[in-house]
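S.K.: sequence-free structure coming up:
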């Protein structure tokens with residue numbers, strides 16, 4: 001019995017020493033998730049974490065950095081939910097989410113700074129999300145429309161998402177599932193949220209396990225530029241673009257920063273034939289605009305994308 005107590009006390013002491021190092025020396029944050037919801041995406045069993053307002057997060061792609069989300073628990077500037085705002089919702093993958101950059105250097109924030117000089121009522125909402133393809137983003141925006149109105153929608157494509165679309169049931173259905181937006185309640189979920197929201201070391205340990213078991217999210221850009229065998233099937237992308245256009249009509253614009261000129265040309269031709277607002281720029285993902293030459297957009301790349309968002313929106317909607 002004494003040996004068991006000694007081992008238990010040693011384990012507890014080691015745990016709290018580890019917690020002290022992770023919390024006060026490394027400064028790794030807790031998870032800071034308020035809830036998990038069903039139905040906010042079609043892939044990954046439809047489960048999505050909703051971060052708490054101003055939750056901190058760690059990103060190491062561009063050095064060891066601790067940033068925080070805004071008052072709505074998403075990247076970028078704080079959101080004003082008053083009705084006198086003109087909301088421009090930006091959708092995209094991790095290239096729009098831009099968790100590698102401080103809030104004021106994200107492309108969405110640069111766009112916000114420029115467009116608000118024309119009319120301070122304009123507000124840019126960054127709904128980019130790592131691992132989300134345009135079909136997932138359809139469900140994401142439908143959830144967030146519960147909290148703020150959508151005046152304009154801009155979808156940014158950094159790739160064709162052909163491999164990502166393979167994760168979904170075919171053909172695509174845009175009917176919201178019955179469990180859409182319902183919070184997950186279970187003892188295990190509650191225990192995990194409590195532990196990871198309160199113990200920095202446990203959250204770090206869990207994130208390391210997740211990163212090791214899911215290398216796809218860590219190499220999203222590397223996968224996006226892999227060569228494909230033959231011509232890609234873009235039909236599912238076109239179905240999704242058509243759905244956004246059906247919902248938002250002329251208030252929807254698609255911007256491609258896909259570096260492959262043949263794919264960009266094919267998407268251009270489809271959008272022109274479908275009367276979908278579309279702009280393509282194949283140079284933004286040049287290696288000089290990427291972190292370490294192969295990662296996500298660096299400061300220069302985000303500035304270029306922010307300016308492209310602004311110039312595109314101004315040419316379409318500012319008279």
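M.R.: Good, I have the coordinates. Note that the structure is a prediction, hence the values are computed from the model and not measured.
S.K.: show me what contacts the residue positioned nearest the centre of the chain?
M.R.: By CA atoms, centre = their mean, the chain has its centre lying nearest to residue 129, at 1.2 Å. Residue 129 sits next to 93, 94, 97, 136, 137, 140 when contact means CB atoms under 8 Å, 6 or more residues apart in numbering. Placement of C-beta: from N, CA and C, glycine included.
S.K.: Mind checking what secondary structure it has?
M.R.: Secondary structure state of residue 129, per DSSP: H, G, I helix; E, B strand; the rest coil, is coil.
S.K.: do residue 58 as well
M.R.: strand.
S.K.: That one: neighbour count?
M.R.: For residue 58, the tally of surrounding residues (other CB atoms under 10 Å) stands at 16.
S.K.: Run through the bridge partners of it.
M.R.: When bridges are called by DSSP bridges, residue 58 pairs up with residue 66.
S.K.: Could I get the contacting residues of it?
M.R.: 28, 29, 64, 65, 66.
S.K.: Assumed the second one was part of a strand.
M.R.: Read that as residue 29. No. Under three-state DSSP, residue 29 sits outside any strand and is assigned coil.
S.K.: State the distance from it to residue 301.
M.R.: Per CB to CB, to the nearest Å, residue 29 is found 26 Å from residue 301.
S.K.: Counting neighbours, go ahead and name the busier of the two.
M.R.: Taking neighbours as other CB under 10 Å, residue 29 and residue 301 compare with residue 301 leading, 24 against 18.
S.K.: Just give the nearest non-adjacent residue to the more buried one, would you?
M.R.: Nearest residue to residue 301, sequence neighbours excluded (CB to CB, 6 or more residues apart in numbering): residue 289, at 3.3 Å.
S.K.: my read: that neighbour touches residue 298, true?
M.R.: Yes. Applying CB atoms under 8 Å, one finds residue 289 in contact with residue 298, separated by 6.2 Å.
S.K.: What is the nearest of the contacts of residue 58 to residue 105?
M.R.: Closest approach to residue 105 among the contacts of residue 58 (CB to CB): residue 65, at 11.2 Å.
S.K.: residue contacts, the closest one?
M.R.: So residue 65 contacts 58, 59, 100, 102 (CB under 8 Å, 6+ apart).
S.K.: I'd say the last one and residue 63 touch.
M.R.: No. Taking contacts as CB under 8 Å, residue 102 lies outside contact range of residue 63: 11.5 Å.
S.K.: What are the buried residues along whichever strand or helix holds residue 304?
M.R.: Secondary structure assignment for residue 304, by DSSP states H and E: helix 299-317. Neighbour counts over helix 299-317 (16 or more other CB atoms under 10 Å) mark 301, 302, 303, 304, 305, 306, 308, 309, 310, 312, 313, 317 as buried.
S.K.: Strands of the chain, residue ranges please.
M.R.: Per DSSP state E, the chain carries strands over the ranges 33-37, 48-51, 56-59, 65-68, 86-91, 122-126, 152-157, 252-256, 277-280.
S.K.: Tell me where the stretch 101-250 of the chain has helices.
M.R.: 107-118, 134-144, 162-165, 187-198, 200-213, 215-218, 220-224, 235-248 (DSSP state H, counting those that start in this stretch).
S.K.: could these be laid out in CSV, adding distance to residue 293, mean pLDDT and mean neighbour count?
M.R.: Shown next, in CSV, are the helices of the stretch 101-250 of the chain (distance: least, CB to CB, whole Å; pLDDT from 0 to 100; neighbours: other CB atoms under 10 Å):
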stretch, distance to residue 293, mean pLDDT, mean neighbour count
helix 107-118, 19, 97, 20
helix 134-144, 27, 95, 21
helix 162-165, 23, 94, 20
helix 187-198, 34, 90, 13
helix 200-213, 22, 84, 15
helix 215-218, 17, 46, 12
helix 220-224, 11, 45, 17
helix 235-248, 27, 98, 18
